[in-house]
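Trainee: I'd like to go over a predicted model; first the sequence, then the structure.
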Amino acid sequence: MKALRDPKTGCPWDIQQDFASIAPYTIEEAYEVSDAITRQAWGELASELGDLLLQTVYHSQMAAEAGLFKFSDVVASISNKMVERHPHVFGNQRKTNTAEQQTKEWESQKARERGSAGTLDGVALGLPALLRAVKLQKRAARVGFDWVDTVDVLAKINEEIAELVEARERLTHNEVAEEFGDLLFVMANLARHMDVDPEAAL
């Protein structure tokens, strides 16, 4: 990558790229990895993972050029994070017995790392809307802000549909869009309660 971005001998296209122009490719490559796994196209997976790794190398090279960090810093960062979040493996903490228990401890560790940040802070704005909705809802549920069961969610959906119908008749387009968003948000919550991936279902 250093050779590709060499100002004198590198590739003109690679030289002119920056973080913002490469970011969409990073997202696309991650989806292509997911697609290969979904299709069980194991013969393609190594290549797709390589494409995704290239994105990490690309961003790291641009960061090194800007004096921000190096690829070795990226590797050290994830290595340190894995050690810190697995004290039951790398430290003296008692071994976790179940994956569910480990998930709770992982989330607690991430909350400590966030410090004073709010419960809903840190959920990436760039996530697909339905995925982001589910992640926000999971965060809210961990602090007790959730419906008890699916029946309650279905009742809320009916309420939101009624509000959308009413809004369609008397409100502006932007207000209708807001009501539609409310309905989609509750639908995503229903998917979470029914253990359905809304992105995959759609």
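Mentor: Noted; the coordinates are in hand.
Trainee: number of nearby residues for the closest residue to residue 154 other than its chain neighbours?
Mentor: Spatial nearest neighbour of residue 154, chain neighbours left out: residue 190 (6.9 Å); criterion: Cβ to Cβ, 6 or more residues apart in numbering. Where C-beta positions appear, they are placed from N, C-alpha and C, glycine not excepted. Per other Cβ atoms under 10 Å, the neighbour tally for residue 190 reads 16.
Trainee: which pLDDT value belongs to the residue most central in space within the chain?
Mentor: Against the mean C-alpha coordinate of the chain, by Cα atoms, centre = their mean, the closest residue is residue 127 at 5.3 Å. If you check residue 127, the pLDDT there is 86.
Trainee: what's the burial count for the closest residue to it other than its chain neighbours?
Mentor: Spatial nearest neighbour of residue 127, excluding adjacent residues (Cβ to Cβ, 6+ apart): residue 135 at 6.9 Å. By other Cβ under 10 Å, 17 other residues sit near residue 135.
Trainee: what does residue 122 give?
Mentor: 13.
Trainee: ditto for residue 167
Mentor: 18.
Trainee: what sits closest to it if chain neighbours are left out?
Mentor: Of all residues not flanking residue 167 in the chain, residue 179 sits nearest, at 4.3 Å (Cβ to Cβ, 6+ apart).
Trainee: following the host helix or strand of that neighbour, which helix or strand shows up next?
Mentor: Using DSSP states H and E, residue 179 maps to helix 173-193. Downstream of helix 173-193, the first helix or strand assigned by DSSP H and E is helix 198-201.
Trainee: which elements pack onto that following helix?
Mentor: helix 129-142, helix 173-193 (3 or more Cβ pairs under 8 Å, 6 or more residues apart in numbering; DSSP states H and E).
Trainee: can you list the buried residues in the one helix or strand residue 153 maps to?
Mentor: According to DSSP H and E, residue 153 maps onto helix 150-170. Buried residues in helix 150-170, counted by 16 or more other Cβ atoms under 10 Å: 153, 156, 160, 163, 164, 167.
Trainee: quick one, the worst-scoring helix or strand of the chain on mean pLDDT and helix 129-142 angle?
Mentor: In the chain, the helix or strand scored least confidently by mean pLDDT, DSSP states H and E is helix 99-114, which has a mean of 73. With axes from the mean of the first three to the mean of the last three Cα atoms, to 10 degrees defining the directions, helix 99-114 sits at 90 degrees from helix 129-142.
Trainee: pLDDT below threshold where in the protein?
Mentor: Applying pLDDT under 70 to the chain flags residues 96, 111, 114-119.
Trainee: and with 90 instead?
Mentor: Counting by pLDDT under 90, the chain contains low-confidence residues at 84-128, 138-149, 167-172, 199-200, 202.
Trainee: distance from the least confident helix or strand of the chain to the middle of the chain?
Mentor: 16 Å (Cα atoms, centre = their mean, to the nearest Å).
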